[in-house]
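Undergrad: heads up, no residue letters with this:
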């Protein structure tokens, strides 16, 4: 194994979670999928998580907009950080958390890891000890945590392989790493509680989360949940956390009814889009006439196929009749229509959703542009391009927006621009070789030295770090 390969594998182990504590339509985030993390995008959920996190991130000294909460499509309860720019939250954590405060508590803990520089500390330790035993141990832990994140039979196989690797390594080194990891966990607890106090929020949600999994310390790694694996909870740590939470002047503070409602709607949406419809109907029976229950049932009904389209549309239309200014209902309606092969109807619904967002919803803009392109009518081309250009300005790494822009340019006969947009989409997807091929083709039709030619040249000459 060469040195560069070893370094690459170390980074992969870190990316699998070793470092720190360890929808309408629910759009897949392609670049993350290519890198092994199945992320999803949804305006409603992302805006809610932004509201949950921004006060916490400011209290942690992380500013506004520096850290993004990303949603991992995985039913296991887990959250983790792998760098100083992103917090990854499993859909399982969002659906299993009964209150906003539970999710906010987890976000506060992860912010503690980022503010504490725990990833950098671990990387420094790795750099100081390049022994073969340490490399083997790190890769073993990475495999186990990767298995925890992936779940299912494949995840269990990976986890077992990681345990086998660890058995052949240096126990003393691993004890030191484990001790450091536990110390980081405790530090993240205390920092997270400081951020909650600074924002006048209770730590009960954080405590409830860790209490839920504390008993799994006694289980073998194969029988722990993802969260228990990546956030080991020693008895003394939990006792200290409980004391700090109960002594907080904000211990009795609760979430506002409005925030709890948004939380319930998020859980209903995730259930409707991601769970088997029969499970959704059991979770939200027809006797439950609440808004979240009707939201979940409308989505699940539509997902039953042709037979459920009318029922799903009737359900979402009923919600729109009650709340005509709710952009998320219009967005879901447009999603239904687009998926049912009715792009013109989808355009009307998605236009309304974007209007209610005051034009500031890149994901809605991209979906609206996609519906326009699906009509194959030239009258929509310029507007679709405008929407997509605005989307990539707001989100420069949005691979889906770039790929759709490539299609829009192609439909207009603007082939060099189409090739460049495709190259950018592939680049952010993580497919560098294909991106460079498209970028070279784009350069051939672009004016040398022009802004677009320079963008293509940047991709052609990009060399990933080794």
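TA: Great, that's in hand. Remember, it's a predicted structure, so these values are computed and weren't measured experimentally.
Undergrad: chain center to the helix or strand hosting residue 348: distance?
TA: Secondary structure assignment for residue 348, by DSSP states H and E: helix 343-356. Centroid separation for helix 343-356 versus its chain: 25 Å, with C-alpha atoms, centre = their mean, to the nearest Å.
Undergrad: quick one: buried residues of it?
TA: Using 16 or more other C-beta atoms under 10 Å as the burial criterion, the residues of helix 343-356 that qualify are 343, 345, 346, 347, 349, 350, 351, 352, 353, 354, 356. In short, each C-beta sits where N, CA and C put it, glycine included.
Undergrad: Is it possible to get TSV of the residues you listed that adds distance to residue 364 and pLDDT?
TA: Output for the buried residues of helix 343-356, formatted as TSV (distance: C-beta to C-beta, whole Å; pLDDT from 0 to 100):
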residue	distance to residue 364	pLDDT
343	15	98
345	16	98
346	11	98
347	12	98
349	10	98
350	6	98
351	9	98
352	10	98
353	5	98
354	5	98
356	9	98
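Undergrad: List the residues that contact residue 269.
TA: 23, 42, 44, 45, 295, 296, 299, 328, 332 (C-beta atoms under 8 Å, 6 or more residues apart in numbering).
Undergrad: Past the helix or strand containing it, which element shows up next along the chain?
TA: Using DSSP H and E, residue 269 maps to helix 257-274. Downstream of helix 257-274, the next assigned helix or strand under DSSP H and E is helix 277-283.
Undergrad: Could you name the helices and strands sitting against that next one?
TA: Helices and strands touching helix 277-283, by 3 or more C-beta pairs under 8 Å, 6 or more residues apart in numbering; DSSP states H and E, are helix 257-274, helix 291-302.
Undergrad: mind checking which of those helices is nearest residue 385?
TA: Nearest to residue 385 among the helices and strands packed on helix 277-283 is helix 257-274 (28.9 Å), distances taken as C-beta to C-beta.
Undergrad: quick check: mean pLDDT across that closest one?
TA: Average pLDDT, helix 257-274: 98.
Undergrad: Name the residues of that helix that are buried.
TA: Quick answer for helix 257-274 (16+ other C-beta under 10 Å): 259, 262-274.
Undergrad: Over to stretch 377-392?
TA: Buried residues in stretch 377-392 (16+ other C-beta under 10 Å): 380, 381, 384, 385, 387, 388, 389, 390, 391, 392.
Undergrad: low-confidence ranges in the stretch 1-150 of the chain?
TA: 1-36, 118-150 (pLDDT under 70).
Undergrad: hey, where'd the strands end up in the stretch 1-150 of the chain?
TA: Under the criterion DSSP state E, counting those that start in this stretch, strands of the stretch 1-150 of the chain are mapped to 27-29, 39-41, 68-72, 79-81, 86-90.
Undergrad: Throw those strands into CSV and include distance to residue 51 and mean neighbour count, thanks.
TA: Shown next, in CSV, are the strands of the stretch 1-150 of the chain (distance: least, C-beta to C-beta, whole Å; neighbours: other C-beta atoms under 10 Å):
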stretch, distance to residue 51, mean neighbour count
strand 27-29, 20, 19
strand 39-41, 17, 21
strand 68-72, 10, 20
strand 79-81, 17, 25
strand 86-90, 14, 23
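Undergrad: The ones you listed: which one's closest to residue 410?
TA: When those are ranked by proximity to residue 410 (C-beta to C-beta), strand 27-29 comes first, at 21.2 Å.
Undergrad: where's the residue most central in space within the chain relative to residue 87, distance?
TA: With distances taken as C-alpha atoms, centre = their mean, the chain has residue 71 as the residue nearest its mean C-alpha position (2.0 Å). Distance of residue 71 to residue 87, given as C-beta to C-beta, to the nearest Å: 10 Å.
Undergrad: Isn't residue 63 up against residue 53?
TA: No. If you go by C-beta atoms under 8 Å, residue 63 and residue 53 don't touch, sitting 11.8 Å apart.
Undergrad: Look at these two and report which has more neighbours.
TA: residue 53 (23 against 10; other C-beta atoms under 10 Å).
Undergrad: Tell me who's in contact with the more buried one.
TA: Residue 53 touches 67, 69, 87, 104, 107, 111, counting by C-beta under 8 Å, 6+ apart.
Undergrad: residues contacting residue 391?
TA: Taking C-beta under 8 Å, 6+ apart, one finds 362, 363, 365, 366, 369, 398, 401 in contact with residue 391.
Undergrad: per-residue confidence at the first one?
TA: Here, the pLDDT recorded for residue 362 equals 96.
Undergrad: Spatially nearest residue to it (excluding sequence neighbours)?
TA: residue 391 (4.1 Å; C-beta to C-beta, 6 or more residues apart in numbering).
Undergrad: any idea how far residue 440 is from the closest residue in space to residue 446 that isn't next to it in sequence?
TA: Of all residues not flanking residue 446 in the chain, residue 453 sits nearest, at 4.2 Å (C-beta to C-beta, 6+ apart). Using C-beta to C-beta, one gets 11 Å for the distance from residue 453 to residue 440.
Undergrad: Show me which of these two is the more surrounded one.
TA: residue 453 (19 against 15).
Undergrad: That's all I had, so thanks and see you.
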